[in-house]
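What shape does this take:
(2 chains)
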Amino acid sequence: MAQSANSQQSILERLNAEVIKTDLPRLDVGDTINIHFRIVEGDKERLQVFQGVLISRSGRGINEMMVVRRVVDDVGVERIVPVNSPLVAKYEVVRKGDARRAKLYYLRDRRGKSQRLRDRRRGLKHLVAGERGVGEKAAPKA
Amino acid sequence: MALALLGKKIGMTRVYLDGGKSVPVTVLEIGPCVVTQVRTPDKDGYAAVQIAWGEMKARNSTIPQIGHDAKAGTTPKRHHREFRLDGKETAGFELGQVLTVKALEGQMFVDVIGTNKGKGFQGTMKRHHFKGLFASHGTERKHRSPGSIGSLCSNRGFGGGLAKGKKMSGHMGDVRVTSRSMDVVRIDEANNLLLVKGSVPGANQGTVLVRPSTRLYRSKAKRLAAGAK
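Got it, this is the predicted structure:
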């Protein structure tokens, strides 16, 4: 039974590959993103959009999670989303934010204007024009 | 004991159900197992089925063992297990028959038996969940000790010593453990995979036995009844 760990790895990888999404846009911490949730009501399905700032990404592979924060009526709302959940139909980048750290938990202590992030201008050269978000309208991509 | 299938634990991951619910699963590679002997009351005095699983190089096996496996028309196998059945049940099995995860098709719950990870020599706090002694109040160097283990006449020995089976420090783990009524999440016949909800005793690559659940927890029995309707 002395099979290599490689074979074990590949079985799990194969199973995970069925679930892991490969068509994601580039989502960086600090970006304002739209998450389209599939909501099933009875036998009908509709989409609900949650817009907020991506403040954390953690885990990797099939276990990757995102925390998205928005402020509604001065109340902070955070949703923790498994990146590969089938309940998410689509992710859209609305604008790229300039985040200087990997977790933006400090935004929780901010009120009003100070919780805004600057638009990101550095490190975007590798992105094609449509993905930059800066200076572009938040027009959803097809 | 009902017939169980042999296989190994691959590892854990997560699976999304149709409703989008995320479920932690353990992936088990089960079978294919080969029937290497059918014992009958006439010949052996009892009824049982012996199955074998796990490839092995012929040079690592023994000549008698190779011959035994060859009788069933199969290559040398590493693990052989015998399961007592009653006479009627053994009638369904024949030498050389191959059993795969398909045998578990339709089962809502299975029992998974494995050998858990060895923990070495452990104290009573870890091994038996003793509470230990006080952290302060004058306790010195005895914070994790078991405390008193008996007095002259405690354990009904009247000074003759301690009761057998007194919980003390010692070797922990590396014992056979049965995980009962685990939910079957998915069966993948093509790849001989069985996905069960939750964790399974033992390390990855460890050998496990899987059988249809023998005794269900009450809540699971209810679900089974609801599912059957």
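
Which stretches in the chain count as strands?
All of this refers to chain A. For chain A, applying DSSP state E gives strands covering A:32-41, A:44-58, A:65-72, A:75-82, A:88-95.

Please refer instead to chain B.
B:5-16, B:22-30, B:33-39, B:48-55, B:77-84, B:98-99, B:109-115, B:120-122, B:170-172, B:176-188, B:193-197, B:207-212.

what is the mean pLDDT for stretch B:161-174?
Confidence over stretch B:161-174 (mean pLDDT, whole number) is 87.

which sections of the chain are below the confidence cut-off?
Unless you meant another one, I'm taking chain A. Chain A contains residues with pLDDT under 70 at A:1-9, A:125-142.

Hmm, no, I was thinking of chain B.
For chain B, the ranges with pLDDT under 70 are B:1, B:151-160, B:228-229.

dump the residue contacts of A:V53.
For A:V53, the contacting residues are A:30-33, A:68-70, A:97, A:104, A:107, A:117, by Cβ atoms under 8 Å, 6 or more residues apart in numbering or on different chains. Quick note: C-beta positions are derived from backbone N, CA and C, even for glycine.

any idea how far A:Y105 is from it?
12 Å (Cβ to Cβ, to the nearest Å).

got the residues of chain B near chain A?
B:8, B:10-11, B:13-16, B:19-20, B:22, B:27, B:29, B:54-56, B:78, B:191, B:193, B:204-205, B:207 (Cβ under 8 Å from any Cβ of the partner chain).

And the residues you listed, which of them are buried?
B:8, B:10-11, B:13-16, B:22, B:27, B:29, B:54, B:56, B:78, B:193, B:204-205, B:207 (16 or more other Cβ atoms under 10 Å in any protein chain shown).

Just list the residues touching B:M12, thanks.
If a contact means Cβ under 8 Å, 6+ apart, then B:M12 has B:24-27, B:199 as its contacts.

what number of residues lie near B:D44?
The local packing of B:D44 (other Cβ atoms under 10 Å in any protein chain shown) involves 11 other residues.

measure it to B:Q65 for me?
Taking Cβ to Cβ, one finds B:D44 at 18 Å from B:Q65.

Which residue comes closest to residue 90 once chain neighbours are left out?
This is for chain A. Once flanking residues are discounted, A:K90 sits nearest to A:H36: 4.2 Å by Cβ to Cβ, 6 or more residues apart in numbering or on different chains.

if you could check chain B rather than the one you did, that'd help
Nearest one to B:T90, counting by Cβ to Cβ, 6+ apart, is B:A47 at 4.7 Å.
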